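Q: Sequence first, predicted coordinates after that:
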Amino acid sequence: MVSHMVPRDRKVKVLATLGPASGSPEMIEKLYRAGVDAFRMNMSHGEHSAHAENVKSIRSLEKKVGRPITILADLQGPKLRIGTFAKAPVTLKTGATFTLDLNKAKGDVNRVGLPHPEIIETLQPGHSLLLDDGKIRLEVIKTDGKSVETKVIVGGPISDRKGVNVPEVVLPVSSLTKKDHKDLTFALQQDVDWIALSFVQRPEDVAEARRLIGGKAALLAKIEKPAAIDRLDEILELSDAVMVARGDLGVELLPEQVPPLQKRIVAAARNLGRPVVVATQMLESMITSPTPTRAEVSDVATAIYDGADAIMLSAESAVGKWPIEAATMMDRIAMQVESDPSYTERVHFTETLPDATTADALAAASFNIARTIPTSAIVCFTKSGSTARRMARERPSVPLLVLTPDRHTARRIGLLWGAHAVVTRDVRDFEEMVAKSKRMALRHQLGEAGSRIIISAGVPFGTPGSTNLLHVVRLSGDELKNK
């Protein structure tokens, strides 16, 4: 059996969603060996018992391969839906009027119930309403606080309980429902590493979730609402990572608006040193086909060239017919892009200027040293993971070996670009730091006799947030004997 103690040969991480097609110990191991670094549990689907089994399988695999493996629990968030029709489906004609109200009676071609008073009270004439993932587009003509009269801009068939999107309005709705509270409690009990928050509209949504998580997991904010883009920097400040959730963004915005926004979100996240995941429909055709379209391959490649920390498989790995092939394809695309001679130049198109801190200055210096002299790895000691995030933000050309005594930190680093985390006892002095760095670099095949490595740490040792030391050493034959 091939040991995965050795880091993967690529920097970008692959996040795969578990589901009926992949929720067995055998499939989870196959996905990991095909290139998956982190696993997403979609709390919109599946029972807690099934998710608990998946966590157990991943933790068992972690022991088997001797590597920390990342688990992300993705909360569903509010699902806004219309009511039911007496005879579904009904066909709404373009140009006709259609009313949404609080009446519980079954709907027809003229009206339907919308059991969300918070939406009806917020809408104003001129606002758009989207039904069924944007297939039906309505424009508000008038409202009295209890019902909304609309004009059908784009008509078509509509049936019971289809979703409602309100792109131009910040709704007075918490991003956490009763179901989310239960799912969050469960996920934290399962000791997951990341919580993904859906339906983020404002920084307060992130603050509320952060308070409930209480430091037991890292928090990823999904950017899927136009309102979130208006306050992106504030949301990033409060989050540990973000996701470009292109599915919902593509419903609430025009399709052509999504690619430039993806680039903007990736660049903003990188500037603040937050990991950024690009998600949704990346290899969509592989749900039913063993090979992707050329356009999908280009889409994945673009996210990697932009410098995303991770790329995600959704339905492709959760319910698709070809989950292993999809993971393998992600791995192959990433390897090809990262071996492109122009990749380094493109990934640094986003300029990340260091903050006026010692830790940022040292991260920038590490990047410049690795660019100036032949270096095989950057080794950083970290308790919280902040030093690793600063280093990864620079997108160095060499692997980043992260040594931490904290297993939770090591697991969270599974979404971080170029980082290979190892759980190891903390060091007590300078000599031990140098010896351990050399030993670990050799053990994880990140250098050989004669290679140089860069070491970053904080003195006094074991003090979080004290990164203040940079040291360049050469590996010798002696360490090879002791590795």
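A: Cool, the structure landed. Computed from a predicted structure; not experimentally measured.
Q: Centroid-nearest residue for this protein?
A: The centre of the chain sits closest to Val277, judged by Cα atoms, centre = their mean, with a distance of 3.5 Å.
Q: hey, what's that residue bridged with?
A: Met243, Ala310 (DSSP bridges).
Q: In this structure it contacts Met243, no?
A: Yes: the criterion here is Cβ atoms under 8 Å, and Val277 meets it with Met243 at 4.3 Å. Where C-beta positions appear, they are placed from N, C-alpha and C, glycine not excepted.
Q: Are there residues contacting both of these two? Which ones?
A: 220, 312 (Cβ atoms under 8 Å, 6 or more residues apart in numbering).
Q: if I look at the residue nearest to the centre of the chain, how far off is Thr358?
A: Separation of Val277 from Thr358 (Cβ to Cβ, to the nearest Å): 29 Å.
Q: With Ser456 instead?
A: Taking Cβ to Cβ, one finds Ser456 at 11 Å from Thr358.
Q: which of those two has more neighbours?
A: Ser456 (26 against 14; other Cβ atoms under 10 Å).
Q: show me the contacts for Lys222.
A: 74, 196-200, 242-243, 245.
Q: Spell out which residues sit in contact with Gln262, please.
A: Contacts of Gln262 by Cβ under 8 Å, 6+ apart are 244, 246, 278, 303, 306.
Q: Leu415 now?
A: So Leu415 contacts 13, 15, 37-38, 70, 72, 194, 220, 241, 275, 277, 309-310 (Cβ under 8 Å, 6+ apart).
Q: Give me the domain ranges for the protein.
A: Domain ranges of the chain: 13-77+175-341, 90-165, 358-482, per automatic domain parsing.
Q: got these as JSON lines, with distance to Thr352 columns?
A: Putting the domains of the chain into JSON lines (distance: least, Cβ to Cβ, whole Å) gives the following:
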{"stretch": "domain 13-77+175-341", "distance to Thr352": "6"}
{"stretch": "domain 90-165", "distance to Thr352": "34"}
{"stretch": "domain 358-482", "distance to Thr352": "5"}
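Q: what's the least confident stretch among the ones you listed?
A: Sorting those by mean pLDDT places domain 358-482 lowest, at a mean of 90.
Q: these two touch, right, Trp322 and Pro292?
A: No: Trp322 sits out of contact with Pro292 when judged by Cβ under 8 Å, with a separation of 9.6 Å.
Q: list residues touching both of those two?
A: Common neighbours of Trp322 and Pro292 (Cβ under 8 Å, 6+ apart) are Met286.
Q: ok, the nearest residue to Asn271 once chain neighbours are set aside - how many residues close by?
A: In space, and not counting its chain neighbours, Asn271 is closest to Thr352: 5.7 Å by Cβ to Cβ, 6 or more residues apart in numbering. Number of residues near Thr352 (other Cβ under 10 Å) recorded here: 20.
Q: contacting residues around Thr352?
A: With Cβ under 8 Å, 6+ apart, Thr352 has these contacts: 270-271, 273, 393-395.
Q: which stretch of helix or strand covers it?
A: Element membership for Thr352, per DSSP states H and E: none, as it lies in no helix or strand.
Q: Can I get the host helix or strand of Thr387 in PDB, CA atoms only?
A: Here Thr387, judged by DSSP H and E, is contained in helix 386-393. Extracted in PDB, the C-alpha atoms of helix 386-393 (Å, rounded to 0.1, in the frame of the first residue of the first chain):
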ATOM      1  CA  SER A 386      -2.200  31.600  11.500                       C
ATOM      2  CA  THR A 387       1.500  31.300  10.500                       C
ATOM      3  CA  ALA A 388       0.600  28.700   7.900                       C
ATOM      4  CA  ARG A 389      -2.200  30.900   6.500                       C
ATOM      5  CA  ARG A 390       0.200  33.800   6.200                       C
ATOM      6  CA  MET A 391       2.800  31.700   4.400                       C
ATOM      7  CA  ALA A 392       0.200  30.100   2.000                       C
ATOM      8  CA  ARG A 393      -1.200  33.600   1.200                       C
END
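Q: Would you mark the buried spots in it?
A: Under the neighbour-count criterion of 16 or more other Cβ atoms under 10 Å, helix 386-393 has 387-393 buried.
Q: of all the residues you listed, which comes closest to Lys64?
A: Ala388 (24.5 Å; Cβ to Cβ).
Q: what bridges to the nearest residue to the closest one once chain neighbours are set aside?
A: Excluding the flanking residues, the one nearest Ala388 by Cβ to Cβ, 6+ apart is Val402, at 4.4 Å. Val402 has these beta-bridge partners by DSSP bridges: Cys380, Ala421.
Q: contacting residues around Val402?
A: Val402 neighbours (Cβ under 8 Å, 6+ apart): 380, 382, 385, 388, 410, 413, 416, 419-422.
Q: how about 6 Å then?
A: 380, 388, 413, 419, 421 (Cβ atoms under 6 Å, 6 or more residues apart in numbering).
Q: ranking the contacts of Lys222 by neighbours, who comes first?
A: Ranking those using other Cβ under 10 Å puts Met243 first, with 31 neighbours.
Q: Contacts only, for it.
A: Here Met243 is in contact with 220, 222, 277, 279 (Cβ under 6 Å, 6+ apart).
Q: Likewise for Asp309?
A: So Asp309 contacts 275-276, 415-417 (Cβ under 6 Å, 6+ apart).
Q: among these, which ones are buried?
A: Buried members of those, counted by 16+ other Cβ under 10 Å: 275-276, 415-417.
Q: Sort out for me which of those residues are in strands.
A: Residues of these located in strands (DSSP state E): Val276.
Q: Quick one: the buried ones among the contacts of Asp309 as JSON lines, columns for distance to Asp144 too.
A: Listed next are the buried ones among the contacts of Asp309 as JSON lines, based on distance: Cβ to Cβ, whole Å:
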{"residue": "Pro275", "distance to Asp144": "46"}
{"residue": "Val276", "distance to Asp144": "43"}
{"residue": "Leu415", "distance to Asp144": "47"}
{"residue": "Leu416", "distance to Asp144": "51"}
{"residue": "Trp417", "distance to Asp144": "52"}
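Q: With respect to Ser147, which of the buried ones among the contacts of Asp309 is nearest?
A: Distances from Ser147 to the buried ones among the contacts of Asp309, taken by Cβ to Cβ, are shortest for Val276, at 41.1 Å.
Q: the strands in the stretch 101-250 of the chain, which residues?
A: 111-113, 128-131, 136-143, 147-154, 156-158, 164-165, 194-197, 218-223, 241-245 (DSSP state E, counting those that start in this stretch).
Q: relative orientation of the third one and strand 147-154 in degrees?
A: Angle between the axes of strand 136-143 and strand 147-154 is 140 degrees (criterion: axes from the mean of the first three to the mean of the last three Cα atoms, to 10 degrees).
Q: Who are the packing partners of strand 136-143?
A: strand 128-131, strand 147-154 (3 or more Cβ pairs under 6 Å, 6 or more residues apart in numbering; DSSP states H and E).
Q: ok, the longest one: who's next to it in the sheet?
A: So that's strand 147-154. strand 97-101 (antiparallel), strand 136-143 (antiparallel).
Q: which one of these lies closest to Pro20?
A: Ranking these by proximity to Pro20 (Cβ to Cβ) places strand 136-143 first, at 29.6 Å.
Q: Show residues contacting the closest one.
A: Contacts of strand 136-143 (Cβ under 6 Å, 6+ apart): 123, 125, 127-130, 148-154, 156, 158.
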